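In: only the shape, not the letters, is given here:
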Ligand code: XBP
Ligand code: MG
């Protein structure tokens, strides 16, 4: 019996990674760093979840030590990156992927509970949800777990476990929506069946363990997909 749908944010609700990539580059330029992340490099770096962790990995790749670029420097760059990202989101550059809004609103109307489990920063969740689902959009979700709320980011199960705890539901009462292999690993490690809609930066990945792989959520119906939902049987 499915009682809740749990959504990843980046790549799943919307194609956000191009926005993040451009925002990283804007923050680097502003800080007079000679770092430029092109699409190919970003695809490589994307296997590192979390913006700050991604920057640290790149610094390591370039042989830039923590003495030259401290964690505080990275945190400052990250704040600026998120500010640039917010501008792009507010300008409408990260619309929801096809079928997402219909699924969210129809599921809520039919009594399914909704949650967010993501690696991204809380400020980015708020910006994206308010820009796409309206100023009250966040209230649609009963649990919102961000990268700042967990000790270990995806692929660790922490973000999903935290959602399950908040909703007080078992994993088999939930369905997860992810776009990446790291996200799939996270949901599966928490025991949650997962629908994968691969995104721009994850299309090359394989998704062993997914309950379903779909190009987008246009035709997805939790009641008619083999996942019985409480709403459907009510
Ligand atoms: C997305 C990410 C995030 C974003 C940037 O993973 O890895 O790091 O790229 O977000 P997922 P922050 O979709 O699995 O949550 O810069 O806020 O970390
Ligand atoms: Mg994602």
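Out: Yes, it's here. Nothing here was measured: the structure is a model prediction, and the numbers come from that model. Ligands and ions are numbered 1, 2, ... in the order given.

In: ok, which residues in the protein are in contact with ligand 1?
Out: 8-11, 17, 20, 49-51, 118-121, 124, 147, 154, 180, 182-183 (C-beta under 6 Å from any ligand atom). Heads up, the C-betas are built off the backbone N, CA and C, glycines and all.

In: filter those to the buried ones?
Out: Neighbour-count burial (16 or more other C-beta atoms under 10 Å) applied to the residues of the chain next to ligand 1 gives 8-11, 17, 20, 49-51, 118-121, 124, 147, 154, 180, 182-183.

In: just checking, which of those belong to helices?
Out: Members of those lying in helices (criterion: DSSP state H): 17, 20, 51, 124, 182, 183.

In: once you drop chain neighbours, what's closest to the closest residue to ligand 1 within the chain?
Out: Using C-beta to the nearest ligand atom, residue 51 is the residue of the chain that sits closest to ligand 1, at 2.2 Å. Residue nearest to residue 51 in three dimensions, not counting chain neighbours: residue 78, with 5.3 Å by C-beta to C-beta, 6 or more residues apart in numbering.

In: touching, the one you found and residue 55? I think so.
Out: Yes - look at residue 78 against residue 55 with C-beta atoms under 8 Å: they come within range, at 7.1 Å.

In: of the two, which one has the most company?
Out: Set residue 78 next to residue 55 and count neighbours by other C-beta atoms under 10 Å: residue 55 wins out with 26 against 19.

In: secondary structure class for that one?
Out: When classified by DSSP: H, G, I helix; E, B strand; the rest coil, residue 55 comes out as helix.

In: check it and give its pLDDT.
Out: Per-residue confidence (pLDDT) for residue 55: 98.

In: how close does it sit to residue 136?
Out: Distance, residue 55 to residue 136, using C-beta to C-beta, to the nearest Å: 33 Å.

In: can you list the residues of the protein near ligand 2?
Out: Residues of the chain lying close to ligand 2 (C-beta under 5 Å from the ion) are 8, 10, 11, 179, 180, 183.

In: contacts only, for the third one.
Out: By that I understand residue 11. 17, 179, 180, 183, 199, 200, 201, 202 (C-beta atoms under 8 Å, 6 or more residues apart in numbering).

In: dump the residues you listed to CSV, plus pLDDT.
Out: Below are the contacts of residue 11 laid out as CSV (pLDDT from 0 to 100):
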residue, pLDDT
17, 96
179, 98
180, 97
183, 98
199, 97
200, 95
201, 95
202, 96
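
In: residues near residue 66, how many?
Out: Summarising burial for residue 66: neighbours were counted as other C-beta under 10 Å, giving 12.
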